[in-house]
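*Asks:* could you work out the structure for the sequence below:
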Amino acid sequence: MLTSQPAGDELGHADRHKPPLLFVPGYGHGAWAFAENWLEHCATRGYSAYAMSLRGHGDSGSAPHTTLRAYAHDVVQVAARLPRRSVLIGHGVGGLAVAQAIMVDCANAACYSTVQSAQRMLGLMYRGFRLR
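*Replies:* Below is the predicted model:
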């Protein structure tokens, strides 16, 4: 997991009124996809920002035959380790994992973006992934 923290006050505390942000990338990307611009951008605005890699992506190691349920489980587990309830932000298949994760009430809010190719993946998920 990658992170960028706001400068905080003279004691180093972040703005406690702003929830942490957790970014979840889609297929072919890892936490690094948000590191260049988004994490620092959010931190300069007072948000603690985190980015995770779905299993089998980024530096998380190989994970053949992974299900959407497993991705959602990973999002829930990472969100549970953050200092407090967060806002989940997913892109592509990461957005689908966020949509599943939010159903277990692990965050204050969620937003996600899918692109045409990710929307086509929905059909593949129902055929190729086991949504147990």
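*Asks:* going forward, measure contacts and count neighbours with C-alpha atoms only.
*Replies:* Noted.
*Asks:* what stretches of this protein score poorly on pLDDT?
*Replies:* Along the chain, the model assigns pLDDT under 70 to residues 8-15, 56-63, 106-107, 110-132.
*Asks:* surely Trp32 meets Leu2?
*Replies:* Yes. The pair Trp32 / Leu2 is scored as a contact, 7.5 Å apart, by CA atoms under 8 Å.
*Asks:* between those two, which contacts overlap?
*Replies:* Ala51 (CA atoms under 8 Å, 6 or more residues apart in numbering).
*Asks:* is the residue nearest to Val24 when sequence neighbours are not counted within a helix or a strand, and which one?
*Replies:* Leaving aside its sequence neighbours, Val24 sits nearest to Gly90 (CA to CA, 6 or more residues apart in numbering; 4.5 Å). Element membership for Gly90, per DSSP states H and E: strand 86-91.
*Asks:* for that strand, packing partners?
*Replies:* strand 21-24, helix 93-101, strand 107-113 (3 or more CA pairs under 8 Å, 6 or more residues apart in numbering; DSSP states H and E).
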